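*Asks:* how would this look folded up:
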Amino acid sequence: MITRNYVKILGREPNQNDLTYFLNAGIKEEDLVKKMLESQEHADLIKSRQEVLQTKQSLKDHQLELMQLRAATADQKGIIENLSASVAQKNYALSKMHYTLTMLQRSQASGTATNPELNNPKYKGTFLDKLFKAFSDLFE
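*Replies:* Just a heads-up that it's a prediction; the model follows:
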């Protein structure tokens, strides 16, 4: 009876001192149950159980928050990658535009008398001069 109630109420087997105490006291089963339910050990068990339940709920809440943060992080990484690709494309387009503008300015300069080397009849021109001349002839 003592062992059965101990396991049922306190969740453990009674030790030798507990068995000796309750056997020597000659207590009834109802009084034994009442005494066990009013004991500090039972109160501590109930308190521990409540703490475990609160901890489990807190763990679930934190797991949910972690999942949300991971999803948000993945979304932000995707946005950053897309923005980086966009910046790279913009920089490439700007460099092409700058190159084209530079070439256009050089070709316009080569057609004017401001370049003394071009006015020299012995000057044959650089490769770029020849290339721009060919392009300008094509577009005219």
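*Asks:* give me the below-cutoff pLDDT ranges for this structure.
*Replies:* Low-confidence regions of the chain, defined by pLDDT under 70, span residues 24, 111-123, 140.
*Asks:* would you mark the buried spots in the one helix or strand Lys130 maps to?
*Replies:* Here Lys130, judged by DSSP states H and E, is contained in helix 127-139. Of all the residues in helix 127-139, those buried under the rule 16 or more other CB atoms under 10 Å are Asp129, Phe132. All C-beta atoms are positioned from the backbone trio N, CA, C, and that covers glycine.
*Asks:* max-length helix in the chain?
*Replies:* Ranked by residue count, the top helix of the chain under DSSP state H comes out as helix 40-110.
*Asks:* distance of the closest residue to Gly11 other than its chain neighbours from Ala25?
*Replies:* The shortest distance from Gly11 to any non-neighbouring residue, by CB to CB, 6 or more residues apart in numbering, is to Leu45 (6.6 Å). Look at Leu45 and Ala25: by CB to CB, to the nearest Å, they are 22 Å apart.
*Asks:* quick one: which of those two has more around it?
*Replies:* Remark: of Leu45 and Ala25, Leu45 carries more neighbours, 15 against 11, as counted by other CB atoms under 10 Å.
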